[in-house]
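Novice: requesting a structural model of the entry that follows:
(one chain, ligands or ions: 1)
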Amino acid sequence: PVHSHPVTQDYKISRQVLGVGINGKVVECHNRKTGTKFALKVLRDVPKARREVELHYMASEHRHIVKIFDVYENTYNGVKCLLVVMECMEGGELFSRIQERAQSAFTEREGAEIMYDICCAVQYLHRMNIAHRDIKPENLLYSTKGSSGVLKLTDFGFAKRTDATAIRPLETPCYTPYYAAPEVLGPEKYDKSCDMWSIGVVMYILLCGFPPFYSAHGLPMSPGMKTRIRSGQYVFPSPEWDRVSEAAKDVIRGLLKTDPSERLTIDQVMAHKWITHYMKVPETPLFTPAVLNEERMQWSEMQDEMEKTLASMRVGNEDI
Ligand SMILES: O=C(Nc1cc(-c2cc3c([nH]2)[C@]2(CCCNC2)CNC3=O)ccn1)c1cccc(C(F)(F)F)c1
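Specialist: Sure thing, here's the model as predicted:
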């Protein structure tokens with residue numbers, strides 16, 4: 001239900017900016033009747049924003065996807081805006097939470113449980129033929145502080161449908177050669193495989209604290225790094241990876257394949273015992289919290305590098 005009356009009638013909007021997304025910024029707001037705190041995402045009402053809100057709204061029933069409560073279509077100084085009222089995720093981002101775990105051990109089993117939650121959300125999206133295409137640590141937020149917080153995926157700014165309904169109206173130019181066989185170019189699997197690569201990167205960082213594509217962890221990205229990312233060269237360096245299970249490494253190997261068609265699908269990952277039987281994964285303490293705390297400064301470089309690689313993967317399949 002899109003409301004056209006002003007959002008300010010129902011919510012008191014605070015100055016507190018919670019973050020900036022692809023298509024708009026996120027501020028805190030409070031429901032005037034109940035006083036409950038929500039997050040409000042403000043978007044210019046353009047087709048890209050419409051697609052974001054439509055796909056996010058379709059998916060927002062899932063336990064591990066940030067819930068949308070209301071959408072408003074308001075005009076401010078002649079500018080049409082979409083305003084999305086979401087549940088307020090007060091637990092902060094995934095990796096900030098793990099940084100705080102430096103005192104008590106963060107174990108491989110906890111990593112497996114986190115990956116299970118993320119994979120549940122992605123399986124739900126892929127079954128609805130939605131590819132998120134921007135799965136990265138800063139889009140994984142906890143509902144509340146403390147161990148009862150639930151991890152959820154947000155920001156559908158790059159999400160797209162992967163089924164036939166996405167056929168472009170004929171008038172838009174299509175550079176795909178009409179004679180190509182559908183199975184050759186099926187965008188379906190490529191967009192979804194972009195999510196699978198992201199899951200692999202998140203899982204790798206979760207289990208050691210540094211990203212897979214670093215020359216030697218701790219050094220900034222060197223120019224050769226870009227080719228290494230493309231070529232998919234990565235290792236499981238000592239000592240951080242010495243005690244991590246072979247099963248975990250197998251899942252990562254299946255996800256970080258450079259060839260998208262070789263990458264595991266979400267159903268194959270969900271069939272893997274390390275993911276579904278996470279309660280049986282050994283409680284091996286990981287280096288992650290310590291490494292995340294020592295490499296704080298490189299964190300933004302890692303985020304930039306992941307963003308660039310995601311962008312390059314999307315470009316290959318954007319409906320032009
Ligand atoms: O961000 C918070 N609550 C929140 C935030 C969002 C949110 C939506 C989007 C984003 N956040 C980002 C921000 C920049 C990083 N990517 C994600 C960009 N795109 C979005 O679509 C949604 C719901 N509740 C928050 C609230 C209170 C306290 C705290 C903290 F824990 F930090 F104190 C955080």
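Novice: tell me how many other residues surround the one residue in the stretch 201-320 of the chain that gets nearest to the ligand.
Specialist: Residue nearest to the ligand within the stretch 201-320 of the chain (CB to the nearest ligand atom): residue 303, separated by 9.3 Å. Just so you know, the C-beta spots here come from the backbone N, C-alpha and C atoms, and that holds for glycine as well. Residue 303 is flanked by 15 other residues according to other CB atoms under 10 Å.
Novice: over to residue 140?
Specialist: Using other CB under 10 Å: residue 140 sits among 23 other residues.
Novice: surely it meets residue 152?
Specialist: Yes. Using CB atoms under 8 Å, residue 140 makes contact with residue 152 at a distance of 7.4 Å.
Novice: so who does residue 106 touch?
Specialist: If a contact means CB atoms under 8 Å, 6 or more residues apart in numbering, then residue 106 has 98, 285, 286, 288, 289 as its contacts.
Novice: the third one reaches residue 244, doesn't it?
Specialist: Yes. Counting by CB under 8 Å, residue 286 sits close enough to residue 244 to count as a contact (7.4 Å).
Novice: ok, those two, which is more surrounded?
Specialist: Per other CB under 10 Å, whichever of residue 286 and residue 244 has more neighbours is residue 286, with 24 against 19.
Novice: and the helices in the chain, which stretches?
Specialist: For the chain, the helices defined by DSSP state H cover 47-59, 94-99, 108-127, 182-185, 187-208, 223-231, 246-255, 266-270, 273-276, 288-294, 298-317.
Novice: okay, the first one in PDB with CA atoms only?
Specialist: In this case it means helix 47-59. Presented in PDB, the C-alpha positions along helix 47-59 are these (Å, rounded to 0.1, in the frame of the first residue of the first chain):
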ATOM      1  CA  PRO A  47      12.200   3.800 -12.100                       C
ATOM      2  CA  LYS A  48      15.300   2.500 -10.400                       C
ATOM      3  CA  ALA A  49      13.900   3.400  -7.000                       C
ATOM      4  CA  ARG A  50      10.500   2.000  -7.900                       C
ATOM      5  CA  ARG A  51      12.200  -1.300  -8.800                       C
ATOM      6  CA  GLU A  52      14.200  -1.300  -5.500                       C
ATOM      7  CA  VAL A  53      11.100  -0.700  -3.400                       C
ATOM      8  CA  GLU A  54       9.000  -3.200  -5.300                       C
ATOM      9  CA  LEU A  55      11.500  -6.000  -5.000                       C
ATOM     10  CA  HIS A  56      12.400  -5.300  -1.400                       C
ATOM     11  CA  TYR A  57       8.700  -5.100  -0.500                       C
ATOM     12  CA  MET A  58       8.100  -8.500  -2.200                       C
ATOM     13  CA  ALA A  59      10.900 -10.000  -0.100                       C
END
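Novice: if we can go back for a sec, how far away is the residue of the stretch 201-320 of the chain closest to the ligand from residue 107?
Specialist: According to CB to CB, to the nearest Å, residue 303 stands 25 Å off from residue 107.
Novice: enumerate the residues of the stretch 151-300 of the chain near the ligand.
Specialist: Counting by CB under 6 Å from any ligand atom, the residues of the stretch 151-300 of the chain lying close to the ligand are 154, 155.
Novice: who are the contact partners of whichever residue of the stretch 151-300 of the chain sits closest to the ligand?
Specialist: The minimum distance from the stretch 151-300 of the chain to the ligand, using CB to the nearest ligand atom, falls at residue 155 (3.4 Å). Neighbour list for residue 155: 21, 22, 134, 139 [criterion: CB under 8 Å, 6+ apart].
Novice: and the buried ones among these, selectable in ChimeraX?
Specialist: This is the ChimeraX syntax for the buried subset of those, where burial follows 16 or more other CB atoms under 10 Å:
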select :21,134,139
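Novice: now the contacts of residue 155 in CSV, with distance to the ligand and pLDDT?
Specialist: Formatted as CSV, those follow (distance: CB to the nearest ligand atom, whole Å; pLDDT from 0 to 100):
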residue, distance to the ligand, pLDDT
21, 3, 87
22, 7, 84
134, 9, 96
139, 5, 97
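Novice: which one of the contacts of residue 155 is nearest residue 279?
Specialist: residue 139 (26.3 Å; CB to CB).
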